[in-house]
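[1] Got a predicted model here, sequence first, then my questions.
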Amino acid sequence: MAKSFRTLDDIGDVRGKRVLVREDLNVPVADGKVTDDTRFRATVPTVAELSDKGAIVLILAHFGRPKGVPSADLSLEPIAKAYEGVLGRPVRYIDWEGDAAAVATLQPGDVAVLENTRFFGGEEKNDPAVVERFAALGEMYVNDAFSAAHRAHASTEGLAHKLPSFAGRAMQAELDALEKALGAPEHPVAAVVGGAKVSTKLDVLRHLVGKVDHLIIGGGMANTFLAARGVNVGKSLCEHDLTGTAEEILAAAEKANCTVHLPYDIVVAKEFRANPATRTVNVHEVAANEMILDVGPAAIEALADVLKNCRTLVWNGPMGAFETPPFDTATVALAKTAAALTQDGSLVSVAGGGDTVAALNHAGVADDFTFVSTAGGAFLEWMEGRELPGVAALTR
């Protein structure tokens, strides 16, 4: 995958050319202020490089879910203003009314944010008329928004068929990292899959058992697998109706020579709140009124040993109820082990998904992983082995 798409290295002379750049500017806002500018920062390498080369940079992005109806609340005008501070150069805002005339006034090196793409009802339907409307403004197209690549929208997929198309630097980094993690990884490969429910990760688990050597299951979903193995999980979060599915996944893993690691010692409590009375017990010793809230120390040590023998790690989801102390212990410990191995050069570690990024930031090791994807849905669909329309369109 890594070599099958064109990047900014292949774009040629862009001086004075109008380049449509799809970015993800869908940042969280509270009381009119951007509360997390991670997505802004991810766009800077691409936008700054094109601007420095004299391109007229026209940024396409969505914000919220206006469902084709323009609204002042979901306008990108204030976002463009906030983005200017992160980009460190002037950013024009261009409304869809009179956009062509406004674009015509831009000079080489100028950067402009066009209004919310989802103000057009046809954006999410990939309507050819909307694709034409966007394409008329530019001469080249750069997709730099991996987090929106699982959607076949006019600005994420349709444009790639209309204009010479390239992957931006953030998209390129993401695709290169994913290729190293599951496309053509160095074995042995481990995957950590956690989170509350098996039901949200079924396709991920089914796909991974055929791809990885070690599957480490944590979080609430581990309880469903423990129940499938006959463990009484007390009043733990558990999808009892999915134990049959869990058994199928365990059988598929065995057939594929993938070792599934479930916790054998655990931390339990009678109530779910910060710092309650807890016990560390064997999985077969959970009382009827207790719930499993984290992986125990012996299992953490065993899992650290698994990672020490692996060359590649893919991580999605926490090991325990990490937002509530002390049930962050296993997640933090394993994350620190993975980070140390990555820093030693013995492990390629790729992590993604909202909860995962929060957990790695909480452990203070997000910067020590090989790559941390900020994409939620797109990262999960990639872990499920699905083709992402926005990526496929670039790799034609």
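    Good, I have the coordinates.
[2] where exactly do the helices run in the stretch 151-300 of the chain?
    In the stretch 151-300 of the chain, the helices defined using DSSP state H, counting those that start in this stretch lie at 169-178, 202-208, 219-228, 243-255, 297-308.
[3] What's the separation between Val131 and Ala160?
    10 Å (Cβ to Cβ, to the nearest Å). C-beta here means a position set from N, CA and C on the backbone, and glycine is covered the same way.
[4] With neighbour numbers in mind, choose between these two.
    A direct count of neighbours by other Cβ atoms under 10 Å for Val131 and Ala160 places Ala160 higher, at 26 against 22.
[5] what pLDDT does the more buried one get?
    On pLDDT, Ala160 comes in at 96.
[6] Then the one 10 residues further on?
    pLDDT, the model's per-residue confidence, is 95 for Ala170.
[7] what's the answer for the one 10 residues further on, then?
    Listed pLDDT for Lys180 reads 89.
[8] Pick the most buried one from the helices of the stretch 151-300 of the chain.
    helix 219-228 (a mean of 25; mean count of other Cβ atoms under 10 Å).
[9] And the contacts of that helix?
    193-198, 201, 217, 233, 236-240, 242-244, 246-247, 249-250, 260, 262-263, 283, 292, 295, 317-321 (Cβ atoms under 8 Å, 6 or more residues apart in numbering).
[10] Now it: average pLDDT?
    Mean predicted confidence for helix 219-228 is 96.
[11] That helix vs helix 243-255, what angle?
    90 degrees (axes from the mean of the first three to the mean of the last three Cα atoms, to 10 degrees).
[12] Centre of the chain to helix 219-228, how far?
    24 Å (Cα atoms, centre = their mean, to the nearest Å).
[13] and it with helix 297-308, angle?
    100 degrees.
[14] With only the CA atoms kept, save helix 219-228 in CSV.
    Extracted in CSV, the C-alpha atoms of helix 219-228 (Å, rounded to 0.1, in the frame of the first residue of the first chain):
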residue,chain,number,x,y,z
GLY,A,219,-11.3,-4.1,29.1
GLY,A,220,-14.9,-5.1,29.6
MET,A,221,-14.8,-7.2,26.5
ALA,A,222,-12.4,-9.7,28.2
ASN,A,223,-15.2,-10.6,30.6
THR,A,224,-17.3,-11.9,27.7
PHE,A,225,-14.4,-14.1,26.6
LEU,A,226,-13.9,-15.3,30.2
ALA,A,227,-17.6,-16.1,30.5
ALA,A,228,-17.3,-18.1,27.3
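[15] what's the distance between Asp95 and Gly85?
    Taking Cβ to Cβ, one finds Asp95 at 21 Å from Gly85.
[16] Run through the residues that contact Ala393.
    Asn143, Thr156, Glu157, Ala160, His161, Ser165.
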